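*Asks:* okay, sequence plus prediction incoming.
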Amino acid sequence: MAFCTLLIGDIVGRPGRRAVEVLLGELIKARGIDLVIANAENAAAGSGITPAIYNQIIDAGVDVVTMGDHCYRKKESIALYGTESQLIRPANLPEAAAGRGWTLVESRAGPRVAVVCLQGRTFLKPIDCPFAAVERALEDLAGKAPLVFVEIHAEATSDKIAMGWYLDGRATAVVGTHTHVQTADECVLPQGTAYVTDLGMTGPYDSVLGRDKHNVIHALTTGMPTHFNVAGGDVRLCGAIVTADPETGKATAIERLNVPFAPEDAED
């Protein structure tokens, strides 16, 4: 029987959270989703996460929350990383960093699933090697779960594409996040790994990457500091659905998802 996983791209602010809250339950039912993984590093007013927002996202039906370069932006979230096995930060952060970079969860369909979070190095703050980090993760997870999902939160498409080829045949899927722009290169690689360079953004598209477009344009044209508040229009839930064989761990299909949502409360 096929195993279906929904991977949700960067949740941005209240508009993105509301889209997940309202749309996710029906998507799970309609598409027979067995596991939901969502990136939420922009969930709290566009940067970071809080305990209340984490609980809100889990209560909406998300099974694993992944983070990225803003994982510690909200100080009140740091304690969560030590207690919540469903919340993971990039595995290639220093060993002393709070939290874990990979986790095992039980799916709705029964099979245990492994999820690994990585961060790219190009155009981002210095961080350890994601290739070495994923090797450590796979060694620790060996024999523990037939399905392995790897998210790489990276600015450069080359970082993501290279990771996809590097893990082809060793991961069920490798998906990219961080740029907030959904890419149209979804495929199943030759050895059975589903891949897409970026899942896209779950949030307001009448914006510049989720932020108020007027404020961003003002900052870019004047050079003056401006508050980049979260926008509110043209809200969508974006990501991908990966279908896989739970016996072999190989992907059989990947489908991009772009679902419109009209929130009654868009501002954050």
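*Replies:* Received it, and whenever you're ready, just let me know what you need. Numbers count the residues shown, from 1 in each chain.
*Asks:* make it CA atoms for all contacts and neighbour counts henceforth
*Replies:* OK.
*Asks:* for the nearest residue to Thr248 once chain neighbours are set aside, what are its contacts?
*Replies:* Of all residues not flanking Thr248 in the chain, Pro146 sits nearest, at 6.6 Å (CA to CA, 6 or more residues apart in numbering). Neighbouring residues of Pro146 by CA atoms under 8 Å, 6 or more residues apart in numbering: 111-113, 246-249.
*Asks:* go again using 7 Å as the cut-off
*Replies:* Neighbour list for Pro146: 113, 246-249 [criterion: CA atoms under 7 Å, 6 or more residues apart in numbering].
*Asks:* now Val12
*Replies:* Here Val12 is in contact with 42-43, 46, 202-203, 210 (criterion: CA under 7 Å, 6+ apart).
*Asks:* can you check the pLDDT for the residue nearest to the spatial centre of the chain?
*Replies:* Geometric centre of the chain, nearest residue: Asn39, 2.8 Å, by CA atoms, centre = their mean. Listed pLDDT for Asn39 reads 98.
*Asks:* now it: phi and psi?
*Replies:* The phi and psi values for Asn39, taken as degrees, to the nearest 10, are phi -90, psi 130.
*Asks:* partners of it in the sheet?
*Replies:* Thr66 (DSSP bridges).
*Asks:* ok, now how distant is it from Gly192?
*Replies:* 23 Å (CA to CA, to the nearest Å).
*Asks:* likewise for Asn229?
*Replies:* 41 Å.
*Asks:* and those two? Which one has more around it.
*Replies:* When Asn229 is set against Gly192 and neighbours are counted by other CA atoms under 10 Å, the residue ahead is Gly192, at 23 against 17.
*Asks:* how near is the residue located most distally from the centre of the chain to Asn215?
*Replies:* What lies farthest from the middle of the chain is Thr222; by CA atoms, centre = their mean that is 33.0 Å. Per CA to CA, Thr222 is found 10 Å from Asn215.
*Asks:* need the helices for the stretch 1-150 of the chain, in chain order.
*Replies:* Taking DSSP state H, counting those that start in this stretch to define them, one finds helices in the stretch 1-150 of the chain at 13-31, 51-59, 80-83, 130-141.
*Asks:* wait, what's in contact with Ala262?
*Replies:* Listed by CA under 7 Å, 6+ apart, the contact partners of Ala262 are Val235.
*Asks:* redo that, cut-off 8 Å
*Replies:* Residues near Ala262 by CA under 8 Å, 6+ apart: 234-235.
*Asks:* again, but for Ala44
*Replies:* 12-14, 50, 53.
*Asks:* including pLDDT, could those go into CSV?
*Replies:* Formatted as CSV, the contacts of Ala44 follow (pLDDT from 0 to 100):
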residue, pLDDT
Val12, 97
Gly13, 96
Arg14, 96
Thr50, 97
Ile53, 98
